[in-house]
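A.B. asks: Dropping a prediction and its sequence here:
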Amino acid sequence: MIKRGLVIVGGGPAGMAAAISAYENGVKDILLLERDQYLGGILNQCVHTGFGINYFKEILTGPEYAERFIEKVKNIPEIEVSLKSIVVSLLPDKTITFLKPGRLETIKAKAIIMATGCREKTREMVHIQGTRPSGIFSAGLAQKLINIEGLLPGKEIVVVGSGDIGLIMARRFTLEGAEVKAIIEIQKKTRGLLRNMVQCVEDFNIPVYFNHKISRIYGKDRVEKVSACKVDDNFNEIQGSLFEIKCDTILMSVGLIPENELIEMTGARIDGNKTSVPGIFMCGNCLKIYDLVDGVTEDSFLTGKLAADYIRVRHPSLQR
Amino acid sequence: MIKKMTCIECPKGCRLMVDVRDGKVLKVTGNECPKAELYAISEIEDPARILTSSVLGQGLILKMIPVRTDKPISKARIFDAMKEVKKIRVTVPLKFGDIIVKNFLSLGVNLIATRKAE
Ligand SMILES: Cc1cc2nc3c(=O)[nH]c(=O)nc-3n(C[C@H](O)[C@H](O)[C@H](O)COP(=O)(O)OP(=O)(O)OC[C@H]3O[C@@H](n4cnc5c(N)ncnc54)[C@H](O)[C@@H]3O)c2cc1C
């Protein structure tokens, strides 16, 4: 079995910052595994501005923020980047198995950093009654379809939840010529940033219904309409408040959850940026959900250093 | 007249109280940094936003190339700008920051690529 020094799983902003930091703290053999065909993670689809204000003191788009780290990673020969490489198993002895086009590889690492990001909650997790037609997307998937694939998923949109991704997608759909009929939020205020309420919602006069929920989805093959109602403090329907909204598409923006199946496979407990397995570390959105990528970068620099310290003590020969 | 607004210059979102007379800003309070003053003036006189979108690539590694205006444009022109953005086809490799359209819609701003596309 091939032995490697530090292996990082995930090439988003977290994985890239961890790799740079580990190198700067003395690690000389770093392998960065990314399942996609390019580095950058979720930032590639976030074409709007609002990244890097804290870290770079500049207003950048997602791809611009990513580019700065991609360039840096490419200029460090000690960091080997392996794209189209999806990690399928992780064992507590730090054996990693990943799939590359055409082959399965197993390697043993001295230390591992997990930087696999997060995924979005789905309709199933918020329990909406009704049929199961096509036309229900998570907001991030719709973002990918528009910004990466160049496809518009629908024309008459209802957004469920008022997280930042939902607000940003309400604006994106409006700019693309679709009509955003409503943003329905069960809480009494937005979960997103106030600036996004201004520049994504108020700028385009998109109706927002706070203290409301979707009670049913209608449609046979494609979404045809939803019914919405006002809710009380316990999120129960207030009698007589039901109304219908005609739409062909529903965007779910109801929260993010860390992507941690691989860590669960090892049985390790997460403990800050470390885990209960010595030498396995975590950073970025798979550790906790960050609102801003700047926080991810700072957290991941710390994790890179922790991994470097671990390797220095346990495996001095791997030091530069 | 006091107008309330939320500053959008950074994620903090300061709540501003803007004293406006005859379409001019006299005083801004509630802000934590000086950027909010310029924001309030622009918001009262001619609200402007950076436009971000993506344009179609042809024969390049990326199907869609993310773009933005390098400076804010008048909010009133956002939909005109989107119409133009939809007509654009990029056929040559681009570096990050390359100008795709110079003096976009004669607005005195450039439309630039925000990602490399080979
Ligand atoms: C849809 C969405 C929109 C967002 N919009 C904004 C925003 O507008 N502004 C802002 O500041 N923040 C935003 N965020 C949050 C911010 O972008 C994230 O906090 C940040 O990108 C997280 O970085 P990360 O590296 O932890 O995760 P990611 O960027 O998700 O990167 C994780 C990487 O790991 C890879 N990966 C996962 N599993 C495996 C595996 N098994 N094998 C190999 N590779 C794997 C993925 O392909 C991905 O490239 C958004 C997040 C999401 C999900």
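C.D. replies: In hand now; what should we look at? Numbers count the residues shown, from 1 in each chain, chains lettered A, B, ... in the order given.

A.B. asks: what residues are up against whatever residue of the stretch 51-200 of chain A ends up closest to the ligand?
C.D. replies: For the stretch 51-200 of chain A and the ligand, the shortest gap (CB to the nearest ligand atom) falls at A:G117, measuring 2.4 Å. No exception for glycine: its C-beta is placed from N, CA and C like everyone else's. Residues near A:G117 by CB atoms under 8 Å, 6 or more residues apart in numbering or on different chains: A:10, A:12, A:14, A:41-42, A:259, A:284-286.

A.B. asks: Go again with 10 Å.
C.D. replies: A:G117 sits next to A:10-15, A:41-42, A:256, A:258-259, A:284-286, A:289, A:296 when contact means CB atoms under 10 Å, 6 or more residues apart in numbering or on different chains.

A.B. asks: One more: A:F210?
C.D. replies: By CB under 10 Å, 6+ apart, the neighbours of A:F210 are A:162, A:183-190, A:230-231.

A.B. asks: In chain A, mark out all the helices, start to finish.
C.D. replies: For chain A, applying DSSP state H gives helices covering A:13-24, A:62-74, A:123-126, A:139-147, A:164-175, A:194-196, A:261-266, A:293-314.

A.B. asks: Remind me what the fourth one packs against, helices and strands.
C.D. replies: Just to be clear, that refers to helix A:139-147. The criterion is 3 or more CB pairs under 10 Å, 6 or more residues apart in numbering or on different chains; DSSP states H and E, and the helices and strands that helix A:139-147 contacts are helix A:62-74, strand A:118-120, strand A:136-138, strand A:156-160, helix A:164-175, strand A:249-252, strand B:52-57, strand B:64-69.

A.B. asks: any chance of those in TSV, with mean neighbour count too?
C.D. replies: What follows is the helices and strands packed on helix A:139-147, written out as TSV (neighbours: other CB atoms under 10 Å in any protein chain shown):
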stretch	mean neighbour count
helix A:62-74	21
strand A:118-120	18
strand A:136-138	22
strand A:156-160	25
helix A:164-175	25
strand A:249-252	26
strand B:52-57	22
strand B:64-69	25
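
A.B. asks: Residue 13: neighbouring residues, count only.
C.D. replies: Because you didn't say which chain, this covers chain A. 32 (other CB atoms under 10 Å in any protein chain shown).

A.B. asks: could you do chain B instead?
C.D. replies: By the criterion of other CB under 10 Å, B:G13 has 16 neighbours.

A.B. asks: Skipping adjacent residues, who's closest to it in space?
C.D. replies: Once flanking residues are discounted, B:G13 sits nearest to A:L194: 3.4 Å by CB to CB, 6 or more residues apart in numbering or on different chains.

A.B. asks: Out of the helices and strands packed on helix A:139-147, which is closest to B:I44?
C.D. replies: B:I44 sits nearest to strand B:64-69 of all the helices and strands packed on helix A:139-147, at 21.1 Å, using CB to CB.

A.B. asks: could you redo the helices and strands packed on helix A:139-147 as JSON lines and give each row mean pLDDT and distance to B:V18?
C.D. replies: Listed next are the helices and strands packed on helix A:139-147 as JSON lines, based on pLDDT from 0 to 100; distance: least, CB to CB, whole Å:
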{"stretch": "helix A:62-74", "mean pLDDT": "97", "distance to B:V18": "31"}
{"stretch": "strand A:118-120", "mean pLDDT": "93", "distance to B:V18": "37"}
{"stretch": "strand A:136-138", "mean pLDDT": "94", "distance to B:V18": "37"}
{"stretch": "strand A:156-160", "mean pLDDT": "97", "distance to B:V18": "30"}
{"stretch": "helix A:164-175", "mean pLDDT": "97", "distance to B:V18": "23"}
{"stretch": "strand A:249-252", "mean pLDDT": "96", "distance to B:V18": "33"}
{"stretch": "strand B:52-57", "mean pLDDT": "96", "distance to B:V18": "26"}
{"stretch": "strand B:64-69", "mean pLDDT": "96", "distance to B:V18": "25"}
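
A.B. asks: Which of those sits closest to B:E45?
C.D. replies: When the helices and strands packed on helix A:139-147 are compared by CB to CB, strand B:64-69 sits nearest B:E45, at 18.6 Å.

A.B. asks: and that closest one with chain A, contact?
C.D. replies: Yes: Strand B:64-69 is in contact with chain A by CB under 10 Å from any CB of the partner chain, via B:64-68.

A.B. asks: Could you check how many residues crowd around the closest residue to the ligand within the stretch 201-320 of chain A?
C.D. replies: Relative to the ligand, the nearest point of the stretch 201-320 of chain A is A:G284 (2.4 Å; CB to the nearest ligand atom). Residues lying near A:G284 (other CB under 10 Å) number 33.

A.B. asks: ok, now which ones touch it?
C.D. replies: By CB under 10 Å, 6+ apart, the neighbours of A:G284 are A:10, A:12-18, A:41-42, A:113-118, A:258-259, A:290, A:293, A:295-297, A:299-300, A:303.

A.B. asks: ok, which residues in chain A are in contact with the ligand?
C.D. replies: Contact residues, chain A versus the ligand (CB under 6 Å from any ligand atom): A:9-15, A:33-36, A:41-43, A:46, A:50-51, A:86-87, A:115-118, A:140, A:143, A:164-165, A:168, A:256, A:259, A:284-285, A:290, A:292-293, A:296.

A.B. asks: Cool, thanks, signing off.
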